[in-house]
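Chemist: 3D, please:
(2 chains)
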Amino acid sequence: AQSVTQLGSHVSVSEGALVLLRCNYSSSVPPYLFWYVQYPNQGLQLLLKYTSAATLVKGINGFEAEFKKSETSFHLTKPSAHMSDAAEYFCAVMNTGFQKLVFGTGTRLLVSP
Amino acid sequence: NAGVTQTPKFRVLKTGQSMTLLCAQDMNHEYMYWYRQDPGMGLRLIHYSVGEGTTAKGEVPDGYNVSRLKKQNFLLGLESAAPSQTSVYFCASNYRGPTDTQYFGPGTRLTVL
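Modeler: Below is the predicted model of the structure:
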């Protein structure tokens, strides 16, 4: 069965610093991969998704993620953190053999001034 | 265009009581989903629907029932609430299934005493 592992339940960065949120997936076939963001007291919204068209995927708010098959990873990055990036981030995987999206446990990003 | 709405936003139940959560979407989406979110566990799929009149079990369906009598509405029922069902419940919808972007509602926070 497919799954995702997010390393680190909390990540703290200073404003202006690089953001790196890690996601490793397990899938027996080429996967669809997603990053969703959840701001406090809100539902999730899509940041970006990988559908095999390109390994480097650009999303909203300056975020991007790179699909690395050899490392089974789909890490999320942003060159310079902003206070408004403070939120919880979820990686999710879906493969075409199943009809379900499987979410990771989430990483809370804390941004300090 | 309201997107995905959920009713109610908050609810407190006593063990053994029943209730229904309503999800409504105005985007003419075929697929609808119910998730629960618990600390440290990410989102887990309870039930989903691939079209009007259809429902299917997700990862954690026990203790819940659903109905999709109208395309725009997806109801989640708890027949006899238990403290283990204390959670935040999210509804989501999309056009083409799990490989497509999901649009989430704002959530319902349920406490079972």
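Chemist: In contact with the residue most central in space within chain B, which residues?
Modeler: The central residue of chain B, meaning the one whose C-alpha is nearest the mean C-alpha position (CA atoms, centre = their mean), is residue B:34 at 2.9 Å. Residues touching residue B:34, when contacts are defined by CB atoms under 8 Å, 6 or more residues apart in numbering or on different chains, comprise B:21, B:23, B:45-48, B:58, B:64, B:66, B:74, B:76, B:89-91. For glycine as for every other residue, the C-beta is placed from the backbone atoms N, C-alpha and C.
Chemist: Check the residues you listed against residue A:46 and report the nearest one.
Modeler: Of all these, residue B:90 has the smallest distance to residue A:46: 13.8 Å, by CB to CB.
Chemist: For residue B:57, name its beta-bridge partners.
Modeler: Counting by DSSP bridges, residue B:57 is bridged to residue B:47.
Chemist: And it, what's its pLDDT?
Modeler: pLDDT, the model's per-residue confidence, is 93 for residue B:57.
Chemist: From what I see, it and residue B:33 are in contact.
Modeler: No - Residue B:57 is beyond contact range of residue B:33, at 11.9 Å (criterion: CB atoms under 8 Å).
Chemist: Overlap of the contact sets of those two?
Modeler: Listed as contacting both residue B:57 and residue B:33 by CB under 8 Å, 6+ apart are residue B:47.
Chemist: how long is stretch A:66-77 end to end?
Modeler: Distance between the boundary residues of stretch A:66-77 (CA to CA, to the nearest Å) amounts to 9 Å.
Chemist: ok, and does that stretch reach over to chain B?
Modeler: No - Stretch A:66-77 is not in contact with chain B by CB under 8 Å from any CB of the partner chain; minimum separation 14.9 Å.
Chemist: more neighbours, residue B:57 and residue B:33?
Modeler: Under the criterion of other CB atoms under 10 Å in any protein chain shown, the comparison of residue B:57 against residue B:33 puts residue B:33 first, with 24 against 13.
Chemist: Need phi/psi at the more buried one.
Modeler: Backbone geometry at residue B:33, expressed as degrees, to the nearest 10, gives phi -140, psi 150.
Chemist: got the contacts of residue B:34 as a markdown table, with secondary structure and neighbour count columns?
Modeler: Converted to a markdown table, the contacts of residue B:34 look like this (DSSP: H, G, I helix; E, B strand; the rest coil; neighbours: other CB atoms under 10 Å in any protein chain shown):
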| residue | secondary structure | neighbour count |
| --- | --- | --- |
| B:21 | strand | 21 |
| B:23 | strand | 25 |
| B:45 | strand | 22 |
| B:46 | strand | 24 |
| B:47 | strand | 23 |
| B:48 | strand | 26 |
| B:58 | coil | 19 |
| B:64 | coil | 19 |
| B:66 | strand | 23 |
| B:74 | strand | 30 |
| B:76 | strand | 21 |
| B:89 | strand | 22 |
| B:90 | strand | 24 |
| B:91 | strand | 29 |
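Chemist: For residue 18, which non-adjacent residue is spatially closest?
Modeler: This is for chain A. Of all residues not flanking residue A:18 in the chain, residue A:79 sits nearest, at 6.1 Å (CB to CB, 6 or more residues apart in numbering or on different chains).
Chemist: wait, I meant chain B there
Modeler: Spatially, and ignoring its direct neighbours in sequence, residue B:18 is nearest to residue B:79 (5.3 Å; CB to CB, 6+ apart).
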